[in-house]
Structure formats: structure tokens, C-alpha cells
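Engineer: The sequence and its predicted three-dimensional model are supplied below.
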Amino acid sequence: FQEALTLGAGPRARDGLEDFLFAEFRDAEAKRDADRQNTLRKFLAGSRYESELDGRGLVSIYVWPEGAALTARPYRREADGRLTVDDSRRIDLGKAPLVSREMPAGSWLVEIAAPERQTVRYPMLVERGEHWGHSSWHENRFRDKDWTIKIPEDAMLGDDGWIFVPSGPYLATSAMGYVGTEPPMEWRWEDGFAITRCETTFNDYWKFLSQKRVMDGVAKALKDYPEDPDFALVVVPLGHIAGKNVRLFEFDAEEGEFLPPDTRRFGHPWEELRTLSLCGVSAYCVENYTRWRGETDGGSYSLPTGGQWEKAARGVDGRVFPWGDTFDPSFTSGRYSVASPEGLNVARKPATYLTDTSPYGVVDMAGNLVELASGAPRGGDPQERFWLCGGSYADVNSFQFLVWPLSQAPIAHRSTTIGFRLVKRL
């Protein structure tokens, strides 16, 4: 290419080559490939596209309540492929609302700090010639949507285990179930929601099973259906350990109560096991757990939809893992995250691998446990079906850790590699 530009090629050939190189540059820009962009910059120096290499876009950010402080940092690609925020290029955007601010193209993380509100992480993708946060964005694609970031009061979120994901568009995999690191993409919109930072733990579920009415219901079902204990104990997580299906919590029929898990099966004392992410659940388990939790504290809980789960996991810029587009087993909780994985038969403690943190601050979305999400299409199956998202502590291949819904399962399906987290209606 460089020779073609310097050895007397005619204007037509030179223009065609510049067009091709600039198209390649735009492609590298869209894929956040800084190394490729830098290489192409050298070829395009002195070309008619030189002034366009630093792409710019407009940004508007509206926040309720008004007056929140806005700071922005761009993402950069590290040598190991991770996308991290560049503190050296931090920009103070002042107070919201921010109206038609010109900014360099690229993926950014904005922090929104409002008095007596949770500080919100707001990823955005600034594209050349586009106006993020405005009804005109992408040819009025979401002109009927409200871009205002309505930060909930702390009392609505409860404890600090909840993370607010603001309303807005995100680049989603258009073919759910697609396996590969270059999936077909499309822009989708999700309204704001709150999601738990970590997966549900053994201790969280133990509180539910320990309720008297739950234990009384199980005892009655065992008495009424003695020939079908699986029906009576359907709320109990199930695992496959040492070649056998086992219930992770045993029920003492004589005492009418659940017992903590048999720690000999897991190699963890109960005080340690209760802090680990709960596995072995079905969507039916989650349905009963969320109903009890809502009745206990008045909240409205559910599984995330496939779209909510995907946005919370990958942010808005189309990355295929929470940390970027490059896989390394040390980044997340998988089979080969440690040198000696033998004997591992339950998930690890939440947030053990902090590289597996999404732009919003949600942890373990790529690994540790495959997670349930709602909204899977039924097709011809009479059972309600649920999405299975992300990978688990037992998985090996990089495609198993991609952060969009990858497969489906019926409502009663249980496995020691499946867990869940909740969303909360605000």
C-alpha cells in the first residue's frame, strides 16, 4: 500500500487506495482495535482523510434529579486484551444536564454522582457523526424512548448488593444462541433496572428453606405423596456428585426441617459453603424463592430477562466478555482458572475473579455459574423455557463464557453448574 502511494500511482488509484484504507480504519475504530488504528494512521498521514482520523461525536446526558456531577473516562485496550478505563484521560463534564457536548469517538465510562444516590456507572459509545442521548441518534432509531437517567433513591435499591443499570441502547447479539467471537449485532433498548452485584449464595437460599411455612409445606407434600419425593422436594437444589444425583439440602422428615448440606460431599465446612454461589437450582426453585423474598420485604423480584442479563454483562459497546474481546482462563472462574482444578464440585465464592466485572460493576457474569434468565421462546415445547447465560466453574472453552443467552432449559432442569441472580423492579 505504501509503495502504491509513493511510486507515482495516478490520482484515481491513489484515491481508491485511500478510500480502502479509511474504510479499514473505520472498521478498526468500530472494533476498538487501537493497534490496527495506529498502523492505519501511518498509511493515511498526508492523505485527504488525515483530518478525519480523529472522529468526533456529540453527547447529551439528562439525569433526574438534576445537578448530578458527571465525569468520563475512555476505555483503552491493554496488552493482554482487556478493556480498562484510562484515568489519564479523565474529563470533568460538569453538572447534568449535559447538552450536545462534542467528544472523541470511542467507548466511554461516565460516572454520575448525585447527592444521596448511588453513584451510577454509565457506559456509552460515542460514534463519529452520531449524537448519543438524542432522539436523532442512529436515524431516530429510539426516538420514542426517554434517555433520561432516573437514579433511584437508595431506599429503593436497599443494601449495596444492588446495582442500577440505566435505561438506554446497547449493542446486542442479534442471534441468541450464536457461538463465536464475532456475532451478528444490533442495537436494542432496555429500560432501567436493578440487578444483584453477585450471584445468589447458599446462605441466601438457606434463609428461604428455613422458613417454617416452607418446611411445613414440604412435610405435608411428603406425607400426601410418599411415592413421589421428587415432587415434594422440588424446591431443593439438585447436584450431580460422584456420579449420582443428590439433593444439596436434606430434609429431616421426623423433625420437619431442612438440614445444612453434608459438607463431606463438597469439601467445604458449612460456614464456608454458605458464602459460595448457590448451584443446582431450577427456574421453579427461583420462582418460589423470589415469591418468598418479595413477601418478606415488599420488593418485586424476578429473574432477569435475556436482554437485561446481556446488557448488565457486557455494557453497550458490543464486547463479547465483560472485560473485552480476548479470553484468558485466569480472567474468570472456569475449570482452568487455577493450576489444579481437581475436586472442584461447587462454584467459587462470588467476586473471586474481579477481572470478570462488567462495565456496570456486576461480577461473575462470564463464569462461576451458568445463570438462568427468562424470556426464552417456547417454540413447540409445551414447557416454559429459560435462557442459560454465561459459563461455569466446570467449563473449559472460551465460547462457553460469552455473555449473551447461549442455550435453553425447561423450568425443572437442575445442575450443579446452574445458579441465578435477581433483578428488582424500581
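Structural biologist: Ah, there it is. Not measured: the values here are computed from a predicted model. Numbers count the residues shown, from 1 in each chain.
Engineer: Give me the phi and psi angles of the residue nearest the centre of the chain.
Structural biologist: For the chain, the residue nearest the mean C-alpha position is Ala313 (1.2 Å; CA atoms, centre = their mean). Backbone torsions of Ala313, given as degrees, to the nearest 10, read phi -80, psi -40.
Engineer: quick one: contacts for it?
Structural biologist: 322, 358, 362, 365-366, 389-390, 403-404 (CB atoms under 8 Å, 6 or more residues apart in numbering). No exception for glycine: its C-beta is placed from N, CA and C like everyone else's.
Engineer: So which of the residues you listed is surrounded by the most neighbours?
Structural biologist: Counting neighbours by other CB atoms under 10 Å, the top entry in the contacts of Ala313 is Ala366, with 31 neighbours.
Engineer: thinking that one is in contact with Gln400, fair?
Structural biologist: No. The criterion here is CB atoms under 8 Å, and Ala366 misses it with Gln400 at 9.1 Å.
Engineer: anything in contact with each of these two?
Structural biologist: With CB under 8 Å, 6+ apart as the test, Ala366 and Gln400 both reach Gly391.
Engineer: wait, is Leu93 part of a strand?
Structural biologist: Yes. Counting by DSSP: H, G, I helix; E, B strand; the rest coil, Leu93 is part of a strand.
Engineer: Can you tell me, leaving aside adjacent residues, what's nearest to it?
Structural biologist: Distances taken as CB to CB, 6 or more residues apart in numbering put Leu70 closest to Leu93, at 3.9 Å, once the chain neighbours are dropped.
Engineer: outside of the helix ranked longest in the chain, which residues touch it?
Structural biologist: With residue count as the measure and DSSP state H as the assignment, the chain has helix 11-30 as its longest helix. Helix 11-30 is contacted by residues 1, 4-5, 9, 36-37, 40-41, 43-44, 47-49, 52-53, 55, 105-106, 127-128 when judged by CB under 8 Å, 6+ apart.
Engineer: and it, which residues are buried?
Structural biologist: 14, 17-18, 21-22, 24-26, 28-30 (16 or more other CB atoms under 10 Å).
Engineer: can you put the residues you listed in a markdown table and add distance to Asp92 and pLDDT?
Structural biologist: Formatted as a markdown table, the buried residues of helix 11-30 follow (distance: CB to CB, whole Å; pLDDT from 0 to 100):
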| residue | distance to Asp92 | pLDDT |
| --- | --- | --- |
| Arg14 | 43 | 80 |
| Leu17 | 41 | 86 |
| Glu18 | 37 | 88 |
| Leu21 | 35 | 91 |
| Phe22 | 33 | 90 |
| Glu24 | 34 | 92 |
| Phe25 | 30 | 89 |
| Arg26 | 29 | 86 |
| Ala28 | 29 | 84 |
| Glu29 | 25 | 79 |
| Ala30 | 27 | 74 |
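Engineer: Which residues are in contact with Arg348?
Structural biologist: 276-277, 333, 368, 393.
Engineer: and the residues you listed, which are buried?
Structural biologist: 276-277, 333, 368, 393.
Engineer: Pick the one among those residues closest to Cys198.
Structural biologist: Nearest to Cys198 out of the buried ones among the contacts of Arg348 is Ser277 (CB to CB; 7.4 Å).
Engineer: Who are the contact partners of that closest one?
Structural biologist: 198-202, 347-350, 364, 368-369, 419.
Engineer: Give me the neighbour count for Trp323.
Structural biologist: Trp323 has 27 nearby residues by other CB under 10 Å.
Engineer: what ranges do the helices span in the stretch 251-400 of the chain?
Structural biologist: 263-266, 270-273, 283-297, 306-314 (DSSP state H, counting those that start in this stretch).
Engineer: sorry, back to before: centre of the chain versus whatever helix or strand comes next after the longest helix of the chain, how much separation?
Structural biologist: Next along the chain after helix 11-30, taking DSSP states H and E as the criterion, comes helix 34-44. Centre-to-centre, helix 34-44 and its host chain are 31 Å apart (CA atoms, centre = their mean, to the nearest Å).
Engineer: what element comes up after helix 34-44 heading to the C-terminus?
Structural biologist: strand 56-61.
Engineer: Output that following strand as CSV, nothing but the C-alphas.
Structural biologist: What follows is strand 56-61, C-alpha atoms only, in CSV (Å, rounded to 0.1, in the frame of the first residue of the first chain):
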residue,chain,number,x,y,z
ARG,A,56,-15.9,13.1,16.9
GLY,A,57,-19.5,12.7,18.1
LEU,A,58,-22.0,14.6,20.3
VAL,A,59,-23.2,13.6,23.7
SER,A,60,-26.2,14.7,25.7
ILE,A,61,-26.9,13.3,29.2
